[in-house]
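**Q** Model the structure of this input:
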Amino acid sequence: MEAKLSISEVDITELMVAKRLLENPGLAAKITNFIGSPIEKGIDSLPKKWTDKLGDITTNSLLKAADAAIFTMKNKSAKKSSNRIHKTAVAVSGGVGGFFGFAALAIELPISTTIMLRSIADISREYGESVNSIETKMACLEVFALGGTSTSDDGTETGYFTIRALLGQSVSETSKFILEKGVVDEGAPLILRLVTKVAERFSIQISEKMAGQAIPFIGAAGGAIINTVFMDHFQDMAKGHFIVRKQERLYGQELVKACYKSIKV
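**A** Model prediction:
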């Protein structure tokens, strides 16, 4: 009788790291820790006209980022990701956004999102992914739907595997479409459907980033630092996500999922 496959102690330890990154804490908590002021104060300061438009701006930013970043990124040999370089780049865009305020969001966000997506793809390579793979490209987009606990969440649909399951069918259909067509058309309904689903959760993180920048004493310098916190947050999400995917390639999703759920953090 074949012995049941079990996860090694080394890989369990790595999964513990992944769960700590993916489940705790959310971006709002990280920004609050940085500025020393509850993020709800900033959320109350957000102009209603921008919060109403946030979904469209976020979806558009993700579409532009996907086209400019992962769909054109070439595979390289696995090495440690260039996290500091990407943080510096996104801090510059955050400084500009902080200086011009809400009016700059539609310009700054696509730039910041593209830089972050490049960083996420870079991290994916570090954990053994091939960015030439459609599956990896989709996994990079999934990262923007992750976010740990959030002041905007109601306690549902926040677990890592729950969110992946919610995106699962759209990811599968989009991957199949791209493989069959051989090209990426950002206007294709399947791609737009996936990006819209991701944007629904990503927009929560965007509103929290903007809320941090809306607090009066933040300004341009604070905007740059908050963007660095923002980048650091999604680099953590990417690291956790691609650790889990690496373990799934070794042991299968069901065993990894069971182990992940059994870990206390």
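**Q** what's the burial count for residue 196?
**A** For residue 196, the neighbour count with other CB atoms under 10 Å is 15. C-beta: built from backbone N, CA, C; applies to glycine.
**Q** Quick check: it touching residue 56?
**A** No: applying CB atoms under 8 Å, one finds residue 196 not in contact with residue 56, separated by 10.0 Å.
**Q** looking at it, residue 20 is touching residue 265, isn't it?
**A** Yes: applying CB under 8 Å, one finds residue 20 in contact with residue 265, separated by 5.0 Å.
**Q** Have a look at the two and say which one is more surrounded.
**A** Higher neighbour count among residue 20 and residue 265: residue 20, with 15 against 11, using other CB under 10 Å.
**Q** element containing the more buried one?
**A** Assigned by DSSP states H and E, residue 20 falls within helix 9-23.
**Q** May I see the buried residues of that helix?
**A** Across helix 9-23, burial judged by 16 or more other CB atoms under 10 Å covers 11, 14, 15, 16, 18, 19, 21, 22, 23.
**Q** From residue 117, how far out is the last one?
**A** As defined by CB to CB, to the nearest Å, residue 23 lies at a distance of 22 Å from residue 117.
**Q** for the third one, same thing?
**A** If you measure residue 15 against residue 117 using CB to CB, the figure is 25 Å.
**Q** on that earlier part again, could you write out the alpha-carbon coordinates of the helix holding residue 20 in PDB?
**A** Coordinates of the C-alpha atoms in helix 9-23 are reproduced here as PDB (Å, rounded to 0.1, in the frame of the first residue of the first chain):
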ATOM      1  CA  GLU A   9       8.500  20.100   8.800                       C
ATOM      2  CA  VAL A  10      10.400  22.700   6.700                       C
ATOM      3  CA  ASP A  11       7.500  23.200   4.400                       C
ATOM      4  CA  ILE A  12       5.000  23.400   7.300                       C
ATOM      5  CA  THR A  13       7.200  26.200   8.800                       C
ATOM      6  CA  GLU A  14       7.100  28.000   5.400                       C
ATOM      7  CA  LEU A  15       3.300  27.600   5.300                       C
ATOM      8  CA  MET A  16       3.100  29.200   8.800                       C
ATOM      9  CA  VAL A  17       5.000  32.200   7.400                       C
ATOM     10  CA  ALA A  18       2.500  32.300   4.500                       C
ATOM     11  CA  LYS A  19      -0.500  32.200   6.700                       C
ATOM     12  CA  ARG A  20       0.800  35.000   9.000                       C
ATOM     13  CA  LEU A  21       1.300  37.200   5.900                       C
ATOM     14  CA  LEU A  22      -2.000  36.400   4.200                       C
ATOM     15  CA  GLU A  23      -4.400  36.500   7.200                       C
END
